[in-house]
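Participant: need a structure here:
(one chain, ligands or ions: 1)
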Amino acid sequence: MALVGTVISLLVQVMAPAPTSATAGPVAPPSTRPTPLPSPTPPQVSTPPSAPAHVDCTKVKCVALTFDDGPVKHTSDVLDALSARGARATFFVLGVMARKHPELLRRMIAEGDAVGNHSWNHPMLFGLSAKATRAQFVRTEKVITAAIGEEPMLVRTPFGQQNKKIRRILGKLGSPVILWNVDPQDWKVRKTAVVIRRVVKATKRNSIVLLHDVWPSTRAAVPAIIDKLQAKGFVLVTVPELIGTPQPGKVYLHG
Ligand SMILES: [Zn+2]
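Facilitator: Numbering: from 1, shown residues only. Model (predicted):
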């Protein structure tokens, strides 16, 4: 009997007209005049949760997601996740990969993302001559410039290796060295849930987050990373938006 009573009570609740709530707004007083027809509302355009054209990171809580070693074909999944959420990121591409996917570089730029130079084929720079080091970045710069029509200014060195010699070479090329202060070790753990948890836990205001779009486990983590960071009030911006005008030859770990 108690169950029947509960069911009836539930039915009554379901069937009862919705109560007028405080959120419904003030009730208009009855009017004797005919009310004009409301003008048709334009079709609802889905606005991204946070896609301001200009972000001032001194005023809002910014974070820069960065993706290294691509692009690969499925980098488009990362771009989809970013654009659907009004988020931007920075892609540090390899010359060998950029050469295969110039259309992805063009899409990055068209969607407000930034493209940086991550060397031609990811060598250990500490083992290279000055000439060979320079060639790694110059050759990549040419491929990127041919794809997007502008020279990439930002450099991230492979493995984050840098010393005085490397900084001097890159400084002469006009490039700052962009490293990171959040590293979930996504290339090593390859577990989506772990990558999400580590990034969300470690990210602070003006962090630069190191990720790799070449791993499926990382790509799968991107939607939740964006959602969770935005829920915490972060605005996802590019590295140039985060650090303004960086100095050539200088190393940056965060904004
Ligand atoms: Zn790398």
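
Participant: and residue 113, what does it touch?
Facilitator: 79, 82, 88, 89, 90, 91, 238 (CB atoms under 8 Å, 6 or more residues apart in numbering). C-beta: built from backbone N, CA, C; applies to glycine.

Participant: Which residue is the nearest non-sequential neighbour of the first one?
Facilitator: In space, and not counting its chain neighbours, residue 79 is closest to residue 107: 5.8 Å by CB to CB, 6 or more residues apart in numbering.

Participant: want to try a markdown table for the contacts of residue 113, with secondary structure, neighbour count and pLDDT as columns?
Facilitator: As requested, these are arranged in a markdown table below (DSSP: H, G, I helix; E, B strand; the rest coil; neighbours: other CB atoms under 10 Å; pLDDT from 0 to 100):
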| residue | secondary structure | neighbour count | pLDDT |
| --- | --- | --- | --- |
| 79 | helix | 22 | 98 |
| 82 | helix | 24 | 98 |
| 88 | coil | 24 | 98 |
| 89 | strand | 27 | 98 |
| 90 | strand | 25 | 98 |
| 91 | strand | 28 | 98 |
| 238 | coil | 23 | 98 |
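
Participant: nearest to residue 211, of those residues?
Facilitator: Set against residue 211, the nearest of the contacts of residue 113 by CB to CB is residue 89 (8.5 Å).

Participant: and the nearest residue to that closest one once chain neighbours are set aside, which of the three is it?
Facilitator: Distances taken as CB to CB, 6+ apart place residue 65 nearest to residue 89, at 4.3 Å, with adjacent residues excluded. Secondary structure assignment for residue 65 (DSSP: H, G, I helix; E, B strand; the rest coil): strand.

Participant: Contact partners for residue 65?
Facilitator: Contacts of residue 65 by CB under 8 Å, 6+ apart are 87, 89, 90, 209, 211, 222, 225, 226, 236.

Participant: quick one: the strands in the stretch 1-150 of the chain?
Facilitator: Using DSSP state E, counting those that start in this stretch, the strands of the stretch 1-150 of the chain run over 62-68, 89-93, 114-117.

Participant: Please apply the same query to the stretch 151-255 of the chain.
Facilitator: Using DSSP E, counting those that start in this stretch, strands in the stretch 151-255 of the chain cover 177-178, 207-212, 235-236, 251-252.
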